[in-house]
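Engineer: Prediction below, plus the sequence it came from.
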Amino acid sequence: MSSWNFMDPASKKTLLDLVRREAEGMFTLAGGDEAWARPTACDGWNAGDVIGHLVDTTETYFQSFAAVREAGEPPSAVPLADMAASCNEGATQFRGTPQRELIERCRADADKMMNIFEGLSDAEWTGLMVPHKYMGPLPACFYAIFQLVDYAVHSWDIREGIGAPHALASDAADMLVPLAFVLWQSTPAVPEGTEPFRIGV
């Protein structure tokens, strides 16, 4: 089971293999003519905006790791309540960038990010605290699982937009389950007086 728990260093190879596979699928999907300008399941975004979001997000991760490794400045903190607007601004700044240029930049960013993850020791996987733009200091392993979200879930968004079969691969979905519980605890805005409820999957 440890190879399917992203917070365990034993999961590192499994997780990074999944990220690489999903990233390659994303580049293939977004690189075609059909999807690039089509709406996606992300309201207001086409596939080009999704790639812009990945570039913006990944390059912010570089700044976060540099702040720890090289004593640089971390990204400016943004409250979780403002995350949607901030992500939208980051994604749409690349509108007008040629398709091939933006995909090549995203691919280069993905390769650089993988090199950072590969260089993490077992102790650093959970012990290196890296400042996240929206969530504050997080163990380095969270950045790897967030990359799986970036590529697997947003590929789902693109497939939904073009009417293609869009279920997540079972192994990627399995790896994301522990993160879902973390996000459910950390991100909802629950009005005062909300009664407890249950959901079934």
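Structural biologist: Perfect, I can see it now.
Engineer: alpha carbons only for contacts and neighbour counts from here, please
Structural biologist: Noted.
Engineer: Could you tell me which residues within stretch 158-173 count as buried?
Structural biologist: 158, 159, 160, 161, 162, 172, 173 (16 or more other C-alpha atoms under 10 Å).
Engineer: Dig out what residue 131 forms beta bridges with.
Structural biologist: Beta-bridge pairing of residue 131 under DSSP bridges involves residue 137.
Engineer: nearest spatial neighbour of residue 152, skipping sequence neighbours?
Structural biologist: For residue 152, ignoring the flanking residues on the chain, the nearest one in space by C-alpha to C-alpha, 6 or more residues apart in numbering is residue 22 at 5.4 Å.
Engineer: Setting aside sequence neighbours, what's the nearest residue to the one residue sitting closest to the centre of the chain?
Structural biologist: Centroid check for the chain by C-alpha atoms, centre = their mean gives residue 150 as the closest residue, at 2.9 Å. Spatial nearest neighbour of residue 150, chain neighbours left out: residue 54 (6.6 Å); criterion: C-alpha to C-alpha, 6+ apart.
Engineer: contacting residues for that neighbour?
Structural biologist: Applying C-alpha atoms under 8 Å, 6 or more residues apart in numbering to residue 54 gives the contacts 91, 106, 150.
Engineer: Can you verify my assumption that the first one contacts residue 44?
Structural biologist: No: when contacts are counted by C-alpha atoms under 8 Å, residue 91 is not listed as touching residue 44 (10.8 Å).
Engineer: These two: who's more crowded?
Structural biologist: A direct count of neighbours by other C-alpha atoms under 10 Å for residue 91 and residue 44 places residue 91 higher, at 21 against 10.
Engineer: Can you name the residues that contact the more buried one?
Structural biologist: By C-alpha under 8 Å, 6+ apart, the neighbours of residue 91 are 49, 50, 51, 52, 53, 54, 55, 56.
Engineer: Report the residue spans of this protein with pLDDT below the cut-off.
Structural biologist: 1-2, 186, 201 (pLDDT under 70).
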